[in-house]
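A.B. asks: here is a sequence with its predicted model. Questions after.
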Amino acid sequence: MSLIGLLMDRRQWGLKLLSGILGIIAGLVIIRHPLWSAILVPGTLIIVVGGLGLAYGLLEAIRAFAARRWSGVVLGGAVALLGLAFVMNPLVGIAALPWVFGFLALIGGAVSIAIAATERTAKKEAERYGTSLDDPLRPPSGAGSAGG
């Protein structure tokens, strides 16, 4: 992909060329040693996912703490601990990853439904009392249009 992208966009051509060459080498190694790749590719993926989870969790916890949203602090801390566990023991992470993604999807869906219900209730209350939750900087929907 990087080599094809190099033909379309010439900016940062050195990084794209290096990325493409490394991709070709990785592909050849995987084809040459398929049994090694069955262990190394998921293990590497778990380490990358763990590192990203650790960073995201810490940043989310800091952001939520600054906004005084304690649920975000707890969730960010949990994600950071999960990321740390994946980095510390990738083989356990490989076995646990489908379960973790499943539970995170269930929890994320439930939280999204709860937030949607809360926002709907707040919007109804605002309409009842004659206030608006819309962006005050956005002009009304009819403003600025050419009348006819």
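C.D. replies: Okay, I see it.

A.B. asks: CA atoms for contacts and neighbours, from now on please.
C.D. replies: Noted.

A.B. asks: tell me how many other residues surround residue 25.
C.D. replies: For residue 25, the count of nearby residues is 12 (other CA atoms under 10 Å).

A.B. asks: what about it, which helix or strand?
C.D. replies: Element membership for residue 25 (DSSP states H and E) is helix 13-32.

A.B. asks: list the buried residues for that helix?
C.D. replies: 16-17, 20, 30 (16 or more other CA atoms under 10 Å).

A.B. asks: same deal with stretch 62-74?
C.D. replies: Of the residues in stretch 62-74, those buried (16+ other CA under 10 Å) are 62, 64-65, 72-74.

A.B. asks: can you give me the end-to-end span of it?
C.D. replies: 10 Å (CA to CA, to the nearest Å).

A.B. asks: what mean pLDDT does it get?
C.D. replies: Stretch 62-74 shows a mean pLDDT of 83.

A.B. asks: run the chain-centre distance for it.
C.D. replies: Stretch 62-74 sits 17 Å away from the centroid of its parent chain (CA atoms, centre = their mean, to the nearest Å).

A.B. asks: what does that stretch rub up against?
C.D. replies: Stretch 62-74 is contacted from outside by 60-61, using CA atoms under 8 Å, 6 or more residues apart in numbering.

A.B. asks: swap the cut-off to 10 Å and go again
C.D. replies: 56-61, 75-80 (CA atoms under 10 Å, 6 or more residues apart in numbering).

A.B. asks: also stretch 37-51?
C.D. replies: By CA under 10 Å, 6+ apart, stretch 37-51 touches 26-27, 29-31, 34, 52-57, 79-94, 97.

A.B. asks: now list the buried members of the residues you listed.
C.D. replies: 30, 52-57, 79-87, 90-91, 93-94, 97.

A.B. asks: among these, name the ones in helices.
C.D. replies: 30, 52-57, 79-87, 90-91, 93-94, 97 (DSSP state H).

A.B. asks: please identify which pair of the buried residues of helix 13-32 lies farthest apart.
C.D. replies: Of all pairs drawn from these, the widest gap by CA to CA lies between 16 and 30 and measures 20.9 Å.

A.B. asks: which regions of this structure lie under the pLDDT threshold?
C.D. replies: Applying pLDDT under 70 to the chain picks out residues 1-10, 131-148.
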